[in-house]
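> Predicted model and sequence follow; I will ask about them next.
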Amino acid sequence: METVTTLPEELFLLQTMGDDRAVAETYVAGQAMKQRLDDPSG
């Protein structure tokens, strides 16, 4: 099995196969806009 090695590959993988549980925090223009509610760090 191959491994993702570049950012574009990882973003493509998250868009096509990922779900919202794979995203811990959302950033817009460098500022955190939304954090997952069940994230223990926040």
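Looks like it arrived, so ask away.

> Any idea how far apart the tips of stretch 18-33 sit?
20 Å (Cα to Cα, to the nearest Å).

> Flag every buried residue along it.
Across stretch 18-33, burial judged by 16 or more other Cβ atoms under 10 Å covers no residue at all. Using the backbone N, CA and C atoms, a C-beta is placed for each residue, glycine as well.

> Can you classify Pro8 by secondary structure?
What DSSP: H, G, I helix; E, B strand; the rest coil gives for Pro8 is helix.

> so is the nearest residue to Tyr27 once chain neighbours are set aside in a helix, a strand, or just coil?
Distance criterion Cβ to Cβ, 6 or more residues apart in numbering; nearest residue to Tyr27, sequence neighbours excluded, is Met33 at 6.6 Å. With three-state DSSP as the basis, the three-state label of Met33 is strand.

> surely Met33 meets Val23?
No: contact criterion Cβ atoms under 8 Å: Met33 and Val23 do not qualify, at 11.6 Å.

> still on that earlier bit, quick check, pLDDT for the residue nearest to Tyr27.
pLDDT, Met33: 92.

> Likewise for the one 5 residues further on?
As predicted, Asp38 sits at a pLDDT of 75.

> All the strands of this protein, in order from the start?
25-28, 31-35 (DSSP state E).

> right, and those strands - which one's nearest Leu14?
strand 25-28 (12.3 Å; Cβ to Cβ).

> What's the mean pLDDT across that closest one?
Mean predicted lDDT for strand 25-28 stands at 90.

> Counting by contacts, list what it packs against.
Contacts defined by 3 or more Cβ pairs under 8 Å, 6 or more residues apart in numbering; DSSP states H and E place strand 25-28 against strand 31-35.
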